[in-house]
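Chemist: Got a predicted structure here, sequence first:
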Amino acid sequence: MLTYESADQLLTEPDARRYLHVIILNALRDKASQLEIRFGEDGGLLYYRIDGRDWELTPPPDEIYPLLKDAVRA
């Protein structure tokens, strides 16, 4: 469960975990029904679904991408 009492708590997270949590929080804010991260050799793709339509998000930064899969698994 994502529970933050302040922005400072979010800022203390490791970069990949903080990035993932911000994506999840934005999806919740936008009332997305689905969030998908597609991992590929050339980088990751992020999508979420709102009102039956898929929206592609900005790809994760190159320095975050290699750590993102482990953050999702955790």
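Modeler: That came in fine, so what should we check first? All values derive from a computational prediction rather than experimental measurement.
Chemist: which outside residues touch the longest helix seen in the chain?
Modeler: Taking DSSP state H as the criterion, the chain has its longest helix at helix 15-29. Helix 15-29 has contacts (CB atoms under 8 Å, 6 or more residues apart in numbering) with 2, 10-11, 13, 35, 46, 48, 57, 60-61, 63-64, 67-68, 70-72, 74. For every residue, glycine as well, the C-beta is placed using N, CA and C.
Chemist: which of these are buried?
Modeler: 35, 46, 48, 57, 60, 64, 67-68, 71 (16 or more other CB atoms under 10 Å).
Chemist: could those residues go into a markdown table alongside distance to R18?
Modeler: Output for the buried ones among the contacts of helix 15-29, formatted as a markdown table (distance: CB to CB, whole Å):
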| residue | distance to R18 |
| --- | --- |
| L35 | 16 |
| L46 | 15 |
| Y48 | 18 |
| L57 | 16 |
| P60 | 12 |
| I64 | 9 |
| L67 | 11 |
| L68 | 11 |
| A71 | 9 |
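Chemist: biggest separation within the residues you listed, which pair?
Modeler: Greatest spatial distance in the buried ones among the contacts of helix 15-29: Y48 and L67, 20.6 Å, computed using CB to CB.
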